[in-house]
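Give the three-dimensional model of this entry:
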Amino acid sequence: MKKENDTLNALLSLRFFVTPLHACSYFSDRQAITLVLDPETMLDTRQYSELSSIGFRRSGRHVYRPHCPNCRDCIPIRIEVDKFTANRSQRRIWRKNRNIELINRPADFYEEHYTLYRQYIQNRHPAGGMDTDDPDQYRHFVQTDSCSTLLLELREAGELLAVAVTDVLENGLSAVYTFYDPSKLSRSLGTWAILRQIEECRQQNLKWLYLGYWIPDSAKMQYKSSFQPFEYFDGLRWRLKE
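Below you'll find the model as predicted:
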């Protein structure tokens, strides 16, 4: 009980800001509001883990949660790894990529990673605000002081295919962002990265893989719902979705 009370008191002491209305990242006809942790706050792993357990995410050094008054379409989801069973498509993707080697690297700036990131962003998100050639911006995007972060390299015969930016929480891993070689779409490297992160959770005896926000009406987010069963956060508690 003391541990829970200490954690609650620590969270209650945090300061948050509400952003002004801004363009929604997912629906062109909507505006959004975001609840953001004071960027000057120095979080520890326990606090960050607790915030993750109530639907917060990280983008660079910013910890945030959607706070739109009339919309609840951004739904936090997570996978309880011991209950997850790959479907036929995921098993096929696993076999297709069976020769990929996973290498854990500490969160730092690697020129090879940055080059791949630039290729991915320019191909997948052109003119989206992330395609500027700015190594410092990339460093801030990858790194955080709130927890340990791993850069999971996916390599085949030495060639870098993808990098999965992954935060280590007290009870799980958080899939922050994955970027990959855009010329290898047929490999389904994004899906394979999630499958590999699930396996990494199991190897580290961690219970959850947090996947961020799932938006049922967004075609780009449908891949997340294929990892079943998963849990979704309804604003008060986590509920099972099968």
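
Please identify the nearest residue in space to the residue minimising distance to the centre of the chain, excluding sequence neighbours.
Centroid-nearest residue in the chain, with C-alpha atoms, centre = their mean: Val176, separated by 2.5 Å. Residue nearest to Val176 in three dimensions, not counting chain neighbours: Val165, with 4.3 Å by C-beta to C-beta, 6 or more residues apart in numbering. In this view, the C-beta of every residue, glycine as well, is placed from N, C-alpha and C.

what does the helix or strand that contains the residue nearest to the centre of the chain rub up against?
Secondary structure assignment for Val176, by DSSP states H and E: strand 172-180. Strand 172-180 is contacted from outside by 49, 52, 57-59, 78, 81, 116-117, 120-121, 141, 149, 154, 161-167, 187, 189-190, 193-194, 197, 200-201, 204, 206-212, using C-beta atoms under 8 Å, 6 or more residues apart in numbering.

What's the ChimeraX syntax to select whichever of these are buried?
The following ChimeraX line selects those of these that are buried, judged by 16 or more other C-beta atoms under 10 Å:
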select :49,52,57,58,78,81,116,117,120,121,141,149,154,161,162,163,164,165,166,167,187,189,190,193,194,197,200,201,206,207,208,209,210,211,212
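
so is the nearest residue to Phe84 once chain neighbours are set aside in a helix, a strand, or just coil?
Leaving aside its chain neighbours, Phe84 sits nearest to Ile198 (5.9 Å; criterion: C-beta to C-beta, 6+ apart). Put simply, Ile198 is helix when judged by DSSP: H, G, I helix; E, B strand; the rest coil.

Over to Gln119?
Assigned by three-state DSSP, the conformation of Gln119 is helix.

was I right about it contacting Pro182?
Yes. Shown here, Gln119 and Pro182 form a contact pair, counting by C-beta atoms under 8 Å, at 6.1 Å.

Let's see the strand holding Val176 as CSV, backbone CA atoms only.
Extracted in CSV, the C-alpha atoms of strand 172-180 (Å, rounded to 0.1, in the frame of the first residue of the first chain):
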residue,chain,number,x,y,z
GLY,A,172,6.5,-3.7,-19.9
LEU,A,173,7.8,-2.1,-23.1
SER,A,174,6.4,0.8,-24.9
ALA,A,175,6.6,0.8,-28.7
VAL,A,176,7.4,4.4,-29.3
TYR,A,177,8.2,4.5,-33.1
THR,A,178,9.5,2.2,-35.8
PHE,A,179,11.1,3.3,-39.0
TYR,A,180,12.3,1.0,-41.8
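
now the strands: where do they sit in this structure?
For the chain, applying DSSP state E gives strands covering 16-18, 22-23, 31-32, 34-37, 57-59, 62-66, 75-80, 101-106, 148-156, 159-168, 172-180, 208-214, 230-233, 238-241.
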